[in-house]
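Peer 1: one predicted model, sequence on top.
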Amino acid sequence: MDTVDSEPKPYFVLVPLMAQGHMIPMVDMARLLAEHGATVTFVTTPVNALRIKTIIEKIRESQLPIDFLKLEFPCEKVGLPEGSESADMLSGSDQIIKFVNACAMLKDSLISCLKEKYPPPTCIIADMNQPWVGDVARELSIPRLTFNGSGVFPNLASYIIRHQNIFSDVKDDKEIVKIPGFPHLLEMTKAKSPIGVQRPGMEKFLEKRLQEERSADGVVVNSFYELEPLYIDSYAKTAGQKIWTIGPMLLCNRNTNEMSERGNKASIDEDDCLCWLDLQKPASVVYVSFGSLAQTTLSQLAEIGLGLEASGRPFVWVIKAGDKSTDVLEWLSDGFEERVHDRGLIIKGWAPQMMILSHRAIGGFLTHCGWNSILESICTGVPMITWPHFADQFLNEMLVVEILKIGVKIGVQYPNNWARDVEDDDNNNNNNNNNNVMVERKDVAKVVSELMDGGEEIREKARELARIARKAMDKGGSSSNNLIELIEYGDTAKTSAVEA
């Protein structure tokens, strides 16, 4: 992509955080920008490129002007195991700081590669967790926009919490604290706040992230105005930055098979999955999945399974490969799978989530409240059972249950920290620490029954939001118009970048 048409196009460089939940929406963003006349370079690494090989091949077949730039990830230099190029590959909390340091070491290679491009890039969009990209943008004299994989409601609350250091003097993790400057009353505990994933040794990284967040030229968000108008307007005022809501970006793939896996190899044949779902009654099945990062002990997985069994409802349950796979397989085969085989589909590994949620048989989604999963549930009109684990997920739960009123809480009161070292269940059963969050089988059965037997009001709200989401992405919709404005912004920056 070193040569383009005689009339240069707006040229965006996208730098995601190397993590599945962050890369997927930025791939969708790359497609949207390219389909609307921009040139795009998508920054990745060899292992991450291999994980989205299918989507890269389809984009190349479509001849969209998207270049996937694969930078070598310096695992060995920071002491990470070879191939640990994505956040969901980290085996323990001690590897988080090594991972963010490795990401920062991509800076010189990226600058060198981008300086060889002609015409040069005109705008760079980087995940907020890649603050080193600010130095790249300044070196190239181009504007830099930040991207956060969450909605604006959690973004606004997180912005206020971080920049006002709300919890700095709070000693009790369970103390309820009012968040000042929010457009309405918002209270939460330190335990449920987004600062929960911070680790010792990350102080310099967090300070750099704050600085770069303040100095960014604008913000791009995977949301749509009609979903959270109060918070979008308030964020723009609070941060003093232009905000472009261009989502739900996943709808750019709604007419392709890519919509279901978006580049990942599913752990079950899609036809087999569809055949099983086709046998179920409409809106009768609960879908259960906790994303790529959440870690679950064997005892907790057992409680989930036994709760699903006790609920009496048909279910699709995704158990990712990292969840103590050997012990889990033994537990599943020790009578459980046989007992539920007539009404339970268990997927071990990656699942075609969008395809499953889109099926008429799905009536509810038990989710970890990751933003991508919430958007997928909204776009398919499926109400949710919320089980947040960490970071912004408790804020996402508030939006889903208390503001949008399209979900019910399972009742989790404490986070299950990301990338912690999961000990054997036998060692944890008597260890009542912050990381050992337990939801009992009776709670699972109760909330599944509550949602699946619930009134029509919550389902109609979910269906209406799905209609509004599609309208936002259609021509003339709010997100479609914002996307055009974003490309025009890149086009405006084009002249100065070429001159520089």
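Peer 2: Perfect, I can see it now. Residues are numbered from 1 along each chain as shown.
Peer 1: would you mark the buried spots in stretch 174-190?
Peer 2: Within stretch 174-190, the residues scored as buried using 16 or more other Cβ atoms under 10 Å are 177, 179, 182, 186, 188-190. In this view, the C-beta of every residue, glycine as well, is placed from N, C-alpha and C.
Peer 1: what's the first-to-last distance across that stretch?
Peer 2: 7 Å (Cα to Cα, to the nearest Å).
Peer 1: averaged pLDDT, that stretch. What do you get?
Peer 2: Stretch 174-190 shows a mean pLDDT of 95.
Peer 1: go on, stretch 108-127?
Peer 2: Stretch 108-127 comes out at a mean pLDDT of 96.
Peer 1: got it, and stretch 292-312?
Peer 2: 89.
Peer 1: make 212 the starting number, not 1.
Peer 2: That works, and once the first residue is 212, the last one we named lands at stretch 503-523.
Peer 1: only C-alpha atoms, please: export it in PDB.
Peer 2: Written as PDB, here are the backbone C-alpha positions of stretch 503-523 (Å, rounded to 0.1, in the frame of the first residue of the first chain):
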ATOM      1  CA  SER A 503     -11.900 -14.500  26.200                       C
ATOM      2  CA  LEU A 504     -10.300 -13.000  29.400                       C
ATOM      3  CA  ALA A 505     -12.400 -14.100  32.400                       C
ATOM      4  CA  GLN A 506     -10.900 -17.000  34.300                       C
ATOM      5  CA  THR A 507     -13.200 -19.400  36.200                       C
ATOM      6  CA  THR A 508     -12.400 -22.000  38.800                       C
ATOM      7  CA  LEU A 509     -13.600 -25.500  38.400                       C
ATOM      8  CA  SER A 510     -15.900 -25.200  41.400                       C
ATOM      9  CA  GLN A 511     -17.500 -22.100  39.900                       C
ATOM     10  CA  LEU A 512     -17.900 -23.800  36.600                       C
ATOM     11  CA  ALA A 513     -19.600 -26.700  38.300                       C
ATOM     12  CA  GLU A 514     -22.000 -24.400  40.000                       C
ATOM     13  CA  ILE A 515     -22.900 -22.800  36.700                       C
ATOM     14  CA  GLY A 516     -23.500 -26.200  35.100                       C
ATOM     15  CA  LEU A 517     -25.600 -27.500  38.000                       C
ATOM     16  CA  GLY A 518     -27.600 -24.200  38.000                       C
ATOM     17  CA  LEU A 519     -28.300 -24.500  34.300                       C
ATOM     18  CA  GLU A 520     -29.400 -28.100  34.900                       C
ATOM     19  CA  ALA A 521     -31.600 -27.100  37.800                       C
ATOM     20  CA  SER A 522     -33.200 -24.300  35.700                       C
ATOM     21  CA  GLY A 523     -34.900 -26.900  33.400                       C
END
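Peer 1: and the gap between Ala513 and Gly665?
Peer 2: 26 Å (Cβ to Cβ, to the nearest Å).
Peer 1: no wait, Ile585
Peer 2: For Ile585, the distance to Gly665 - Cβ to Cβ - is 18 Å.
Peer 1: ok, the buried residues of stretch 385-401 vs Thr256, which is closest?
Peer 2: Distance to Thr256 across the buried residues of stretch 385-401 (Cβ to Cβ) is lowest for Lys401, with 34.1 Å.
Peer 1: what sits against that closest one?
Peer 2: Neighbour list for Lys401: 378, 381, 383-386, 388, 407 [criterion: Cβ atoms under 8 Å, 6 or more residues apart in numbering].
Peer 1: neighbouring contacts of stretch 361-368?
Peer 2: 359, 369, 390, 393, 397, 399, 405, 430, 432-434, 438-439, 442-443, 445-446, 449, 454, 456, 582, 585, 603, 606-607, 609-610, 614.
Peer 1: just stretch 598-606 next, same as before
Peer 2: So stretch 598-606 is in contact with 361, 364-366, 368-369, 399, 403-405, 407-408, 501, 504-505, 577-582, 607-608, 621, 623, 626-629, 648, 650, going by Cβ under 8 Å, 6+ apart.
Peer 1: so which of those belong to helices?
Peer 2: Of those, the ones assigned to helices by DSSP state H are 364-366, 368-369, 582, 607-608.
Peer 1: which of the residues you listed sits closest to Pro525?
Peer 2: For these, the nearest to Pro525 is Glu608 (24.9 Å; Cβ to Cβ).
Peer 1: what sits against that closest one?
Peer 2: By Cβ under 8 Å, 6+ apart, the neighbours of Glu608 are 580, 597, 599, 618, 620.
Peer 1: can you tell me the helix or strand for the third one?
Peer 2: Element membership of Pro599, judged by DSSP states H and E, is empty: it is in no helix or strand.
Peer 1: what about it, neighbour count?
Peer 2: When neighbours are defined as other Cβ atoms under 10 Å, Pro599 has 25 of them.
Peer 1: what about the helices in the stretch 462-611 of the chain?
Peer 2: If DSSP state H, counting those that start in this stretch is used as the criterion, the helices of the stretch 462-611 of the chain fall at 469-472, 481-489, 509-522, 536-542, 548-551, 564-569, 582-590, 604-609.
Peer 1: and the longest one, what other elements does it pack with?
Peer 2: Using 3 or more Cβ pairs under 8 Å, 6 or more residues apart in numbering; DSSP states H and E as the contact criterion, the elements in contact with helix 509-522 are strand 496-500, strand 526-530, helix 536-542, helix 548-551, helix 636-639, helix 652-663.
Peer 1: out of those, deepest packed?
Peer 2: strand 496-500 (a mean of 25; mean count of other Cβ atoms under 10 Å).
Peer 1: about what we covered before: Ile585 and Gly665: which has the busier surroundings?
Peer 2: Neighbours were tallied for Ile585 and for Gly665 using other Cβ under 10 Å; the higher tally belongs to Ile585 (28 against 14).
Peer 1: which SS class is the nearest residue to Met460 once chain neighbours are set aside?
Peer 2: Spatially, and ignoring its direct neighbours in sequence, Met460 is nearest to Asp239 (3.7 Å; Cβ to Cβ, 6 or more residues apart in numbering). At Asp239, secondary structure determined by DSSP: H, G, I helix; E, B strand; the rest coil is helix.
Peer 1: thought Asp239 was touching Cys463?
Peer 2: Yes: Asp239 lies in contact with Cys463 (Cβ atoms under 8 Å); the separation is 5.5 Å.
Peer 1: intersection of neighbour lists for these two?
Peer 2: Joint contacts of Asp239 and Cys463 (Cβ under 8 Å, 6+ apart) do not exist.
Peer 1: circling back to that earlier point, next, count neighbours for the residue nearest to Met460.
Peer 2: 23.
Peer 1: what are the ranges of the strands in the stretch 262-411 of the chain?
Peer 2: Here the stretch 262-411 of the chain has its strands, by DSSP state E, counting those that start in this stretch, at 277-281, 334-338, 355-359, 387-389, 398-400.
Peer 1: buried deepest among the ones you listed, which one?
Peer 2: Taking mean count of other Cβ under 10 Å, strand 334-338 is the most buried of those, at a mean of 26.
Peer 1: need the helices and strands packed on helix 509-522 in JSON lines with distance to Arg420, can you?
Peer 2: Shown next, in JSON lines, are the helices and strands packed on helix 509-522 (distance: least, Cβ to Cβ, whole Å):
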{"stretch": "strand 496-500", "distance to Arg420": "29"}
{"stretch": "strand 526-530", "distance to Arg420": "31"}
{"stretch": "helix 536-542", "distance to Arg420": "34"}
{"stretch": "helix 548-551", "distance to Arg420": "44"}
{"stretch": "helix 636-639", "distance to Arg420": "32"}
{"stretch": "helix 652-663", "distance to Arg420": "35"}
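Peer 1: that concludes my questions; thank you for your assistance.
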